[in-house]
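Student: No letters, just coordinates:
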């Protein structure tokens, strides 16, 4: 069966590094049909994307993507472990052979795979140690690193790279989900690191966003022309605008906010206290920040409150099949990928979250409503911030 080049991304925004990744992936694999699994309006760092997902998909299509499927908000706003789990679930359910291409700071596939195998097959042991170290006050990323390096000393070479972490989690979740028809292509990341704000031709997405927010035009040479035009002419979303909504939810719900994903270990008490003292989102983050809770963890927690993502619903959907996948955009080649998926899988592919083909895919499973309600809410909230 024909293989499809697959990329998992946020494109927040699409930049020259992403374009390079497309070009090298096609060159290395010899495949000219590309499926992209892309985040929606809210992303893994716990923020709104700077432009909406349909615009980002259109730009991805102009720059090499053939079919763009949406990674559901439940997963696109979660930690690396769940972000990658959600994306790999899509690969499992479309039932076509893929070559998953991802960027990494280190191209040592054997080492990355060894770490992924340890995390997949020693999961109970791993999470038990994670809990023990976090109870002693260690942050999740630091605890994760300590456990892995203790098991695989040479892992230190790759654990400092954020893209390496994603690569490890992709392969780990492929093992957990028992995905068979998958190969991997690692593309050495070039240019700025994920957290690097330095100005260069290949600049990190976070660096570009920070430059845009500071009204510094230095970012303009680091993106394709069509992306630059869109970013200049579009009203960009900013996480600071979420503050008033989060404050309202915390004040209204009080201790009941502990039902939301990420509100753990009594942090609701500190959140309720501090939100009465601060005046904006930045001050709230500063007040909550500790060695144990990273800024990104706190942003995801606050976003879960904003979007109403509860622990109960998040736990429920993890063990369920996808009730549908949303097609955001596609080319003529993308239509061939759609045909291939429909030939091999029974999963509904829909073009609109409001229109589900009930006659063809009747289901009484409540997951369809849970998924759809969150996606509708995310679109509505995004348009009003």
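Tutor: Received it, and whenever you're ready, just let me know what you need. The shown structure was predicted, so the numbers you read here are calculated from the model rather than taken from an experiment.
Student: just the strands in the protein please.
Tutor: Counting by DSSP state E, the chain has strands at residues 4-9, 34-39, 42-43, 47-48, 67-71, 98-104, 182-188, 325-330, 349-350.
Student: CSV for these, including mean pLDDT?
Tutor: Listed next are the strands of the chain as CSV, based on pLDDT from 0 to 100:
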stretch, mean pLDDT
strand 4-9, 98
strand 34-39, 98
strand 42-43, 97
strand 47-48, 96
strand 67-71, 98
strand 98-104, 95
strand 182-188, 94
strand 325-330, 97
strand 349-350, 94
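Student: Which one, of those, ends up nearest to residue 54?
Tutor: Closest to residue 54 of the strands of the chain is strand 325-330 (CB to CB; 6.1 Å). From N, CA and C alone the C-beta is placed, and that goes for glycine too.
Student: the inter-axis angle of that closest one versus strand 34-39?
Tutor: 120 degrees (axes from the mean of the first three to the mean of the last three CA atoms, to 10 degrees).
Student: Verify the contact between residue 11 and residue 43 for me.
Tutor: No: counting by CB atoms under 8 Å, residue 11 stays clear of residue 43, with 9.6 Å between them.
Student: And residue 202, how far from residue 218?
Tutor: Noted for residue 202: a distance of 13 Å to residue 218, by CB to CB, to the nearest Å.
Student: more neighbours, these two?
Tutor: More crowded of residue 202 and residue 218, by other CB atoms under 10 Å: residue 202, with 17 against 14.
Student: Assess the claim that the more buried one and residue 19 are in contact.
Tutor: No: with contact defined as CB under 8 Å, residue 202 does not count as touching residue 19 (9.1 Å).
Student: Outline the domain layout of this protein.
Tutor: Residue ranges for the domains of the chain, per automatic domain parsing: 4-105+161-237, 240-315.
Student: Return the most buried member of those domains.
Tutor: A comparison of the domains of the chain by mean neighbour count, using mean count of other CB atoms under 10 Å, puts domain 4-105+161-237 on top with a mean of 20.
Student: Just give me how far it sits from the chain centre.
Tutor: Averaging C-alpha coordinates over domain 4-105+161-237 and over its chain gives two centres that are 9 Å apart (CA atoms, centre = their mean, to the nearest Å).
Student: residues in contact with residue 231?
Tutor: 13, 50-51, 212, 223 (CB atoms under 8 Å, 6 or more residues apart in numbering).
Student: what do you get for residue 370?
Tutor: Here residue 370 is in contact with 313, 316-317 (CB under 8 Å, 6+ apart).
Student: In CSV: these, plus pLDDT and distance to residue 119.
Tutor: Below are the contacts of residue 370 laid out as CSV (pLDDT from 0 to 100; distance: CB to CB, whole Å):
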residue, pLDDT, distance to residue 119
313, 96, 25
316, 94, 24
317, 94, 22
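Student: isn't residue 234 right next to residue 56, touching?
Tutor: No: taking contacts as CB under 8 Å, residue 234 lies outside contact range of residue 56: 10.6 Å.
Student: Cross-check the contact I'm expecting between residue 272 and residue 255.
Tutor: Yes: the pair residue 272 / residue 255 is scored as a contact, 7.2 Å apart, by CB under 8 Å.
Student: Any figure for the gap between residue 186 and residue 33?
Tutor: As defined by CB to CB, residue 186 lies at a distance of 20 Å from residue 33.
Student: can you check residue 115 too?
Tutor: 30 Å.
Student: now do residue 211
Tutor: Per CB to CB, residue 211 is found 34 Å from residue 33.
Student: Check which residues of the longest helix anywhere in the chain are buried.
Tutor: Using DSSP state H, we find that the single longest helix of the chain is helix 367-383. Under the neighbour-count criterion of 16 or more other CB atoms under 10 Å, helix 367-383 has 367-368, 370-372, 374-375, 378-379, 381-382 buried.
Student: Please produce TSV containing those residues, extended by pLDDT and distance to residue 26.
Tutor: Converted to TSV, these look like this (pLDDT from 0 to 100; distance: CB to CB, whole Å):
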residue	pLDDT	distance to residue 26
367	89	35
368	90	35
370	93	37
371	94	32
372	92	34
374	96	34
375	96	31
378	96	32
379	95	32
381	95	36
382	95	32
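Student: Pick out whichever of the contacts of residue 231 sits closest to residue 98.
Tutor: Nearest to residue 98 among the contacts of residue 231: residue 13, at 24.8 Å, using CB to CB.
Student: The closest one and residue 214, how far apart?
Tutor: Residue 13 is 15 Å from residue 214, by CB to CB.
Student: Equivalent analysis for residue 45, please.
Tutor: 18 Å.
Student: repeat for residue 38
Tutor: In this view, residue 38 and residue 214 are 26 Å apart by CB to CB.
Student: how much space between the residue nearest to the spatial centre of the chain and residue 41?
Tutor: Of all residues in the chain, the one closest to the mean position by CA atoms, centre = their mean is residue 76, 3.8 Å from it. From residue 76 across to residue 41, the span is 9 Å (CB to CB).
Student: Then residue 292?
Tutor: Between residue 292 and residue 41 the distance is 29 Å, computed by CB to CB.
Student: And for residue 257?
Tutor: If you measure residue 257 against residue 41 using CB to CB, the figure is 22 Å.
Student: Likewise for residue 288?
Tutor: Taking CB to CB as the criterion, residue 288 is separated from residue 41 by 24 Å.
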